[in-house]
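Engineer: got a structure for you, letters missing:
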């Protein structure tokens, strides 16, 4: 038998969704941030987020906030983790569900245009963030780096046709380190995630590199 509800023992609790939207720009892993317009932490940078409606699912709230604050509709979002330290928000007890997505920099360009409250900040040079958002970003980066070698996440940051050099550039930006070129290419080909197209990139001063694409499972 469950215990009776005691309002004094269980004060009001709210649920929010925060979005960790990452991309690679200028060879560096970057995170979309929004400057807060309300207290607490007014004027500080934070992750885009918002409260979950009483009749709204977590996934629906995440997609709504993604469209409203990042200008992106129907992107793939992965639920990252829940953060519920009692003191994480000075207003009241608020539990946040963090969602994570990798997006091409071009997909965020429209949202950034004409918006002084949004910016793409390099992961290795983030400004101070409101609430516990720095910890959330670090958690997302660790998840991304941990999954990179066994899940084809990096292709979300590439066009349909890409070179092995471009694929390696994305991996190096995410990992924050240089990779051995022959070993990387051999590993990518051995995984069976990609296939050559027989086409080559246009332009360039050297022999054009072959273009690859993600292999469609048969």
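Structural biologist: Perfect, I can see it now. In this text the structure is predicted, and so the values were computed from the model without any measurement.
Engineer: how close does the residue lying closest to residue 159 once chain neighbours are set aside sit to residue 89?
Structural biologist: Excluding the flanking residues, the one nearest residue 159 by Cβ to Cβ, 6 or more residues apart in numbering is residue 104, at 7.9 Å. In this view, the C-beta of every residue, glycine as well, is placed from N, C-alpha and C. Taking Cβ to Cβ, to the nearest Å as the measure, residue 104 falls 32 Å from residue 89.
Engineer: swap in residue 96?
Structural biologist: 8 Å.
Engineer: which parts of the protein are strands?
Structural biologist: Assigned by DSSP state E, the strands in the chain fall at 13-25, 28-35, 45-46, 49-51, 78-83, 93-102, 118-122, 194-200, 210-214.
Engineer: which residues sit against the helix or strand of the chain with the lowest mean pLDDT?
Structural biologist: For the chain, the helix or strand with the lowest mean confidence is helix 105-112, at a mean of 84 (criterion: mean pLDDT, DSSP states H and E). Identification of contacts with helix 105-112 by Cβ atoms under 8 Å, 6 or more residues apart in numbering yields 21, 23-25, 30, 32, 69-72, 75, 118-120, 157.
Engineer: still on that earlier bit, neighbour count for residue 96 and residue 89, which is higher?
Structural biologist: Higher neighbour count among residue 96 and residue 89: residue 96, with 25 against 19, using other Cβ atoms under 10 Å.
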